[in-house]
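Undergrad: What would the 3D arrangement of this be:
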Amino acid sequence: MKKFLSLSLVLILLCTQPIFAQTSGEQRWFNYTPYHFVVSVFDDNGQLGYLDSSMTVFFPGGATLSLKGNDFSYVAMTGSTLFLQDYSGNVKVMENGQWKTLGAYDGISFDHGVVWVWKGNHIYSAQKSAVLSEVSSVPARVISVTGTSGRAIVSTAEGVNKCTGSSCQLVDERVCDMAWVLSNNEIACLRSDVLSVGNGEFYNDVTSVSFYQNVLYFISANHLQSFDGERHVNIATVPPNTLLEGGFLVQPSGTFELKGTTLTKYSSQIRAPFNGKLLPGPALAWDSYRMTYSASSWTDQYEQTTFLRSNGMLSWESGGSSYEWNGTVRTVKGTIFDGFGDMQEGYLLVRVKDNLNRPRVLVVDASSGKPLYGFQTTAIMSYGYTGEGYFISTADSIKLLSLGTISNISTELSAEHVAIINGVTYYSSGNYLVGPKTYKFQSPIQQVLPSDKGVLVRTASSIYLVSSGDIKDVGIVYGNYPKNVESMVSDNGNIFLLAQDGVYGLMPQVHVVFQVGNKSYSINDVTKNMDVTATIINGRTMVPIRVVSEAFGYSVGWDESQKMVTISGMGHIVELWSDSTTAMVDGGPLKVDASPQIIDGVMVVPVRFIVESMGLSVAWSDSTRKVEITLP
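TA: Okay, the predicted model is just below:
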């Protein structure tokens, strides 16, 4: 049973505890997901280009271009030529290192390696060129254009036109946001989030569509599906935030190629941004989707649930009246707008009206279906997990929920975040943390979390541990502390952070030094010996793979029959073959700049490739011929 101690908290004399920065070189923050999080992708005839969250364009050939400082609403790429449209409608092209304005247009799109631009009823295109050429005109205002070079599918205010060269013909009278012609000459029409095929098939909640090799791929209610004009196939469940472009599908676990009705891993380095909340493990959760970290990799998991929203054993219909608890479907009187819980208990927040027709919010125990408490709709300040149960706060109290019961704590300040440790309640309000003592921080508190060592407090600048009346900086004091931290979790004494560029955890710093021609090496200044020397082959520094991997705690496996070594750890799996210039990194193929070799029975590998594949940092000194490997 979970127990709560009701405390009558009185606002004591505010003792502003000084927070002193400490220094430590023993640990640093390590990004378990040092990948490119893409905003949009471009399939240029089977070659993938993309725009990542840092506003950097990565061209298929490897060139990059920063778009920081540019005000744009759309980016398109054809070959190595980049187009963008700003919020004023101006279309620009990058030419000879400078942006050239081509004029104001109504819209721009990209399909099958062709950039389409339109204004009024006129259509223009560019393919592997910085020059826009007029293709044709249609009788009505253009809404969008798809299609290949010489064969445009034009959605207009009066229907869909199929244009061959400059000749256009109205083929469908539906008004579509986008349209495609299938192999059986039927029109697929997307209007808002509804996809209709011909006159019979309708699919709702469509978030992304791609027409590739005469197959229409689309995502409907988190399911990747395909339709080739004759056969409809439900291919796979995909996470929210998944992107489709040409023959590629990009999701938080990586990028996949679409090959018929199968998905083939293309890259683990190019990912859709992580959404949802951070959980212990660490794991990332978004409704029924989970992305969980293990010693070898991040893996996708899907909970089987009747409804889209879920938390623990509770799932519910947001905006509806039905929910499921422990496999049983129930209904409530009112409209569910949120829920929370775990494998032991769950609660729903339900909008209702009382007998005077006033709006109220009921807290409903999911296991019994019984209301526990009613609030005015504006009374609730926040709600969530305390570490020993759940809470709902108002301007002057905290309601504690535990296994279907409710208790009350009066507060002098409005509680925004609540944590309970060994029956003692802490809550935050603005810059203040209130508990047995009251502490003032330099900036507003963004999160309060119980841990086995005390209360963790997150502000915009760092993370602090409050324990036995002391405050200790446990965030920015360690190197590589991430910017823009969004949330944190505590798990068996470990702290994990969700930032805009990945998931971070504290790792002991490891410093490994090799010297070319020398059999000795050092780990954190402790000298050790290896069976073969670090050497240079074809201009690449080669080191024993087992020494590098085990220094950082990775596991190493050897398959004698294939002459293959497998390295796993820190969320990565790398597979290398002797005398092969192709490696598999997190399930996707990558070229190795120098093939691994077996020397005196020991596999040596190009150090930069293996280190960067595992998310580490490497430095080379010409003068000393030393290689230094560290956490980034």
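Undergrad: how about the spatially most central residue of the chain, what does it touch?
TA: Taking Cα atoms, centre = their mean, the centroid of the chain lies closest to Phe274, which sits 1.3 Å from it. Under the criterion of Cβ atoms under 8 Å, 6 or more residues apart in numbering, the neighbours of Phe274 are 33, 37, 252, 284, 291, 498, 502-503. For the C-beta atoms, the positions are set from N, CA and C on the backbone; glycine is no exception.
Undergrad: one more time with 7 Å, if that's ok
TA: 252, 284 (Cβ atoms under 7 Å, 6 or more residues apart in numbering).
Undergrad: Same check on Leu48?
TA: By Cβ under 7 Å, 6+ apart, the neighbours of Leu48 are 41, 60, 248, 255.
Undergrad: can you redo these as CSV with neighbour count, pLDDT and secondary structure?
TA: Shown next, in CSV, are these (neighbours: other Cβ atoms under 10 Å; pLDDT from 0 to 100; DSSP: H, G, I helix; E, B strand; the rest coil):
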residue, neighbour count, pLDDT, secondary structure
Val41, 24, 87, strand
Pro60, 17, 81, coil
Phe248, 23, 94, strand
Thr255, 25, 90, strand
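Undergrad: among those, which two are most distant?
TA: Across these, no pair lies farther apart than Pro60 and Thr255, at 12.9 Å, counting by Cβ to Cβ.
Undergrad: any idea where the helices of the protein begin and end?
TA: With DSSP state H as the definition, the chain shows helices at residue ranges 545-551, 607-613.
Undergrad: helices or strands up against the last one?
TA: Helices and strands in packing contact with helix 607-613 are listed as strand 540-544, strand 572-577, strand 617-621; criterion 3 or more Cβ pairs under 7 Å, 6 or more residues apart in numbering; DSSP states H and E.
Undergrad: Give me the mean pLDDT for it.
TA: Average pLDDT, helix 607-613: 81.
Undergrad: quick check, distance from it to the centre of its chain.
TA: Relative to its chain's centre, helix 607-613 lies at 24 Å (Cα atoms, centre = their mean, to the nearest Å).
Undergrad: Just the buried positions in that helix, please.
TA: 607-611, 613 (16 or more other Cβ atoms under 10 Å).
Undergrad: and for it, what are the contacting residues?
TA: Contacts of helix 607-613 (Cβ under 7 Å, 6+ apart): 541-543, 545, 548, 572, 574, 585, 592-593, 618, 627, 629.
Undergrad: would you turn those into JSON lines with distance to Ile421, neighbour count and pLDDT?
TA: Converted to JSON lines, the contacts of helix 607-613 look like this (distance: Cβ to Cβ, whole Å; neighbours: other Cβ atoms under 10 Å; pLDDT from 0 to 100):
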{"residue": "Thr541", "distance to Ile421": "50", "neighbour count": "21", "pLDDT": "88"}
{"residue": "Met542", "distance to Ile421": "52", "neighbour count": "25", "pLDDT": "87"}
{"residue": "Val543", "distance to Ile421": "47", "neighbour count": "25", "pLDDT": "87"}
{"residue": "Ile545", "distance to Ile421": "45", "neighbour count": "23", "pLDDT": "81"}
{"residue": "Val548", "distance to Ile421": "41", "neighbour count": "25", "pLDDT": "79"}
{"residue": "His572", "distance to Ile421": "35", "neighbour count": "21", "pLDDT": "78"}
{"residue": "Val574", "distance to Ile421": "41", "neighbour count": "22", "pLDDT": "86"}
{"residue": "Val585", "distance to Ile421": "42", "neighbour count": "23", "pLDDT": "81"}
{"residue": "Val592", "distance to Ile421": "50", "neighbour count": "19", "pLDDT": "84"}
{"residue": "Asp593", "distance to Ile421": "52", "neighbour count": "11", "pLDDT": "79"}
{"residue": "Val618", "distance to Ile421": "42", "neighbour count": "18", "pLDDT": "87"}
{"residue": "Val627", "distance to Ile421": "46", "neighbour count": "22", "pLDDT": "89"}
{"residue": "Ile629", "distance to Ile421": "39", "neighbour count": "24", "pLDDT": "88"}
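Undergrad: Which one of those residues is nearest to Tyr74?
TA: Val585 (31.7 Å).
Undergrad: which residues does that closest one contact?
TA: In this structure, Val585 makes contact with 268, 574, 613, judged by Cβ under 7 Å, 6+ apart.
Undergrad: swap the cut-off to 10 Å and go again
TA: 265, 267-269, 567, 572-576, 592, 609-610, 612-614 (Cβ atoms under 10 Å, 6 or more residues apart in numbering).
Undergrad: Looks like Ala419 contacts Tyr385 (just checking).
TA: Yes. In this structure, Ala419 is within contact of Tyr385 by Cβ atoms under 10 Å, at 8.9 Å.
Undergrad: Overlap of the contact sets of those two?
TA: Contacts common to Ala419 and Tyr385, judged by Cβ under 10 Å, 6+ apart, are 391, 449-450.
Undergrad: Of the residues you listed, which is the most crowded?
TA: Using other Cβ atoms under 10 Å as the neighbour criterion, Phe391 leads the shared contacts of Ala419 and Tyr385 with 24 neighbours.
Undergrad: how much space between that one and His36?
TA: 38 Å (Cβ to Cβ, to the nearest Å).
Undergrad: Same question for Trp316.
TA: For Trp316, the distance to His36 (Cβ to Cβ) stands at 35 Å.
Undergrad: Between the two, which is the more surrounded one?
TA: Taking neighbours as other Cβ under 10 Å, Trp316 and His36 compare with Trp316 leading, 29 against 18.
Undergrad: how near is the nearest residue to Arg290 once chain neighbours are set aside to Trp286?
TA: Nearest non-adjacent residue to Arg290, counting by Cβ to Cβ, 6 or more residues apart in numbering: Gln301, 4.2 Å away. Using Cβ to Cβ, Gln301 is found at 11 Å from Trp286.
Undergrad: Looking at those two, which has the bigger crowd around it?
TA: Just comparing Gln301 and Trp286: by other Cβ under 10 Å the higher neighbour count belongs to Trp286, 18 against 11.
Undergrad: Nearest spatial neighbour of the more buried one, chain-adjacent residues omitted?
TA: Closest residue to Trp286 apart from its sequence neighbours, by Cβ to Cβ, 6+ apart: Gly276 at 3.0 Å.
Undergrad: contacting residues around that neighbour?
TA: Contacts of Gly276 by Cβ under 10 Å, 6+ apart are 239-241, 252, 283-287, 289-291, 498.
Undergrad: got it, and Gln447?
TA: 384, 416-417, 419, 428, 456-459, 463, 485-489.
Undergrad: got it, and Val627?
TA: Shown in contact with Val627 (Cβ under 10 Å, 6+ apart): 512-516, 521, 534, 541, 543, 548, 607-608, 611, 618-621.
Undergrad: What is the burial count for Thr566?
TA: Using other Cβ under 10 Å: Thr566 sits among 18 other residues.
Undergrad: swap in Thr56?
TA: 15.
Undergrad: what do you get for Phe37?
TA: Phe37: 19 neighbours (other Cβ under 10 Å).
Undergrad: Same check on the one 3 residues further on?
TA: Around Ser40 there are 17 other residues, counting by other Cβ under 10 Å.
Undergrad: quick one: the closest residue to it other than its chain neighbours and Leu263, what's the gap?
TA: Spatial nearest neighbour of Ser40, excluding adjacent residues (Cβ to Cβ, 6+ apart): Leu51 at 4.9 Å. Relative to Leu263, Leu51 is positioned 22 Å away (Cβ to Cβ).
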